[in-house]
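S.K.: coords below, sequence missing:
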């Protein structure tokens, strides 16, 4: 793609900072020009998708009963009942009695457990059991008072045993090096692994063990992938330990040991020459397996839950490209153009062109260039003692939606009247929210070609890096086990598939002025 101007005085290698991350890159090539509007911001209180109901509800008169049955990693199942909504405000009534029964495939009740005199627990009660397999159908009935005057309502609901949500902090992406006082965009990718229920959480950014930014109330759908975007300016030089954690997970997490991921950023003193780098990585995880579960009563007879099977294989693909550099030059952003082309093994992955970066001539601005797959452009222009200094960030975040942190909004988000807003919100990462297709597999090299052109200057910075492949497998063969539980004996057989393939390359270039 060519850019022409009436007057071009010199050509230099382009220093700028580009971060491109994506959960799925399709075979097609996207080419776009600027659009004036930004992606719609949606409040975090509105889930972007709830593909599987997390609870079962029942109603009698004005009384409601909300239930769920979630299985822990250790095998116990927590059955929760409330006269209201779980994980929200307190219940509106009082549960005085409860009955929980297993149900067979024909809807017939099998084993039953009775609980009375529950008034002292208010409107919320919970019971923990062993021996309930994933997929077991339950029938729950509760007596609820303090709703319809003096009347006690009998309310029923039918939950199914599901696995607790398992949030994996899959990756933290940021520039490997940055300058003091310059806003750095940091993104994190979060996946839900168990595919039974989604979860709420807080996305928390820490630097050297101290919390510096957060996005509260994010939602990750069952089997979903989302991103959190942060902004932080580092004031001192040195190597900074950067970590992102999924905190306050509700319902609480199946495996809390995989809720955090980390990286490091070197904050270095201002040099007398330009610097730029390229990092490219594709991170593919194949995870799943086959599961079968049988339950028997204490006298040896088979009850529902036998031959319950799951065949599950999920492939998640995150592709990341970081191109970072520094420009010792000042631009008039209203007349400056940007072109980016990414390719692997000679095939174009993505191409992007922006005619007008921004109407503002200077300062720090964020811009949505208008691509079908949402990308963001961040530019900061600073005046230092040794002259003008410009950084540019081009970001494509992974997953279906991106949640924005408080620090991100304070730096980049403005309403139409120019005021700052920090309302908890997210936006879709793709206009086609049900996007499907075959991802483009990377070759042995990855290239990024960038052109930044103002009326008097063209900066160009092509970089190509070789890619290396690393594969780790933690798969297990088919194995069976037997154990006793509150509902009798349980026999559990399973195998697992867990293959992690990482293709990556990195290159730094230092260039004298």
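M.R.: The structure has been received and is ready for your questions. Remember, predicted model here, so these are calculated numbers, not experimental data.

S.K.: what bridges to the nearest residue to residue 494 once chain neighbours are set aside?
M.R.: Closest residue in space to residue 494, ignoring its immediate chain neighbours: residue 291 at 4.6 Å, by Cβ to Cβ, 6 or more residues apart in numbering. Every C-beta, even on glycine, is put in place using the N, C-alpha and C of the backbone. Using DSSP bridges, the beta-bridge partners of residue 291 come out as residue 310, residue 494.

S.K.: Number of residues surrounding residue 291?
M.R.: Using other Cβ atoms under 10 Å, residue 291 has 18 neighbouring residues.

S.K.: go on, residue 117?
M.R.: 8.

S.K.: for it, helix, strand, or coil?
M.R.: coil (DSSP: H, G, I helix; E, B strand; the rest coil).

S.K.: and it, what is it in contact with?
M.R.: Residue 117 makes contact with 96-97, according to Cβ atoms under 8 Å, 6 or more residues apart in numbering.

S.K.: That one and residue 129: what is the separation?
M.R.: According to Cβ to Cβ, to the nearest Å, residue 117 and residue 129 sit 20 Å apart.

S.K.: Correct me if wrong: the residue nearest to residue 494 contacts residue 491.
M.R.: No: look at residue 291 against residue 491 with Cβ atoms under 8 Å: they stay out of range, at 11.7 Å.

S.K.: Next, count neighbours for residue 162.
M.R.: Residues near residue 162, counting by other Cβ under 10 Å, number 23.

S.K.: pLDDT weak spots in the stretch 351-500 of the chain?
M.R.: For the stretch 351-500 of the chain, applying pLDDT under 70 flags the ranges 360-362, 369-373, 415-418, 431-439, 487.

S.K.: Likewise for the chain?
M.R.: 1-37, 89-90, 270-274, 293-310, 360-362, 369-373, 415-418, 431-439, 487, 511-513.

S.K.: in it, which spans are helices?
M.R.: For the chain, the helices defined by DSSP state H occupy 406-412.

S.K.: what domains does the record give for it?
M.R.: Domain assignment for the chain, taken from automatic domain parsing, gives 17-46+166-285+316-472, 56-158.

S.K.: so which of those gets nearest residue 480?
M.R.: Taking Cβ to Cβ, domain 56-158 is the member of the domains of the chain nearest to residue 480, at 13.5 Å.

S.K.: Compute the first-to-last residue distance for the closest one.
M.R.: Start-to-end span of domain 56-158 (Cα to Cα, to the nearest Å) is 6 Å.

S.K.: Can you name the residues bridging to residue 69?
M.R.: Going by DSSP bridges, residue 69 forms beta bridges with residue 79, residue 161.

S.K.: can you count the residues close to it?
M.R.: The tally of other residues near residue 69 (other Cβ under 10 Å) stands at 24.

S.K.: swap in residue 218?
M.R.: Look at residue 218: counted by other Cβ under 10 Å, it has 27 neighbours.

S.K.: Could you find the closest non-adjacent residue to it?
M.R.: In space, residue 218 is closest to residue 403, 4.4 Å off (Cβ to Cβ, 6+ apart).

S.K.: give me every residue that touches the closest residue to residue 225 other than its chain neighbours.
M.R.: Distance criterion Cβ to Cβ, 6+ apart; nearest residue to residue 225, sequence neighbours excluded, is residue 399 at 3.9 Å. Residue 399 makes contact with 23, 189-191, 224-227, 429, according to Cβ under 8 Å, 6+ apart.

S.K.: do the same with residue 474
M.R.: Applying Cβ under 8 Å, 6+ apart, we find residue 474 in contact with 496, 498-500.

S.K.: and which of these is nearest residue 174?
M.R.: residue 500 (20.9 Å).

S.K.: Settle this for me: the closest one is touching residue 282, isn't it.
M.R.: No: here residue 500 lies out of contact with residue 282, judged by Cβ under 8 Å, at a distance of 11.5 Å.

S.K.: Residue 92 and residue 141, how far apart?
M.R.: In this view, residue 92 and residue 141 are 18 Å apart by Cβ to Cβ.

S.K.: ditto for residue 189
M.R.: From residue 189 over to residue 141 (counting by Cβ to Cβ), the distance is 42 Å.

S.K.: correct me, but the residue nearest to residue 218 touches residue 227?
M.R.: Yes: with contact defined as Cβ under 8 Å, residue 403 reaches residue 227; the gap is 7.1 Å.

S.K.: so who does residue 497 touch?
M.R.: 286-289, 313, 475.

S.K.: returning to that earlier point: tell me which of residue 189 and residue 141 has more neighbours.
M.R.: Per other Cβ under 10 Å, whichever of residue 189 and residue 141 has more neighbours is residue 189, with 27 against 19.

S.K.: show me what contacts the more buried one?
M.R.: Residues in contact with residue 189 (Cβ under 8 Å, 6+ apart) are 21, 23, 169-173, 225-227, 318, 397-399.

S.K.: one more time with 7 Å, if that's ok
M.R.: Taking Cβ atoms under 7 Å, 6 or more residues apart in numbering, we find residue 189 in contact with 170-171, 225, 227, 318, 398-399.

S.K.: residue boundaries of the strands in the stretch 51-200 of the chain?
M.R.: Counting by DSSP state E, counting those that start in this stretch, residue ranges of the strands within the stretch 51-200 of the chain are 56-60, 63-71, 77-82, 94-103, 109-115, 124-129, 137-148, 151-157, 161-163, 167-173, 177-178, 183-192, 199-207.
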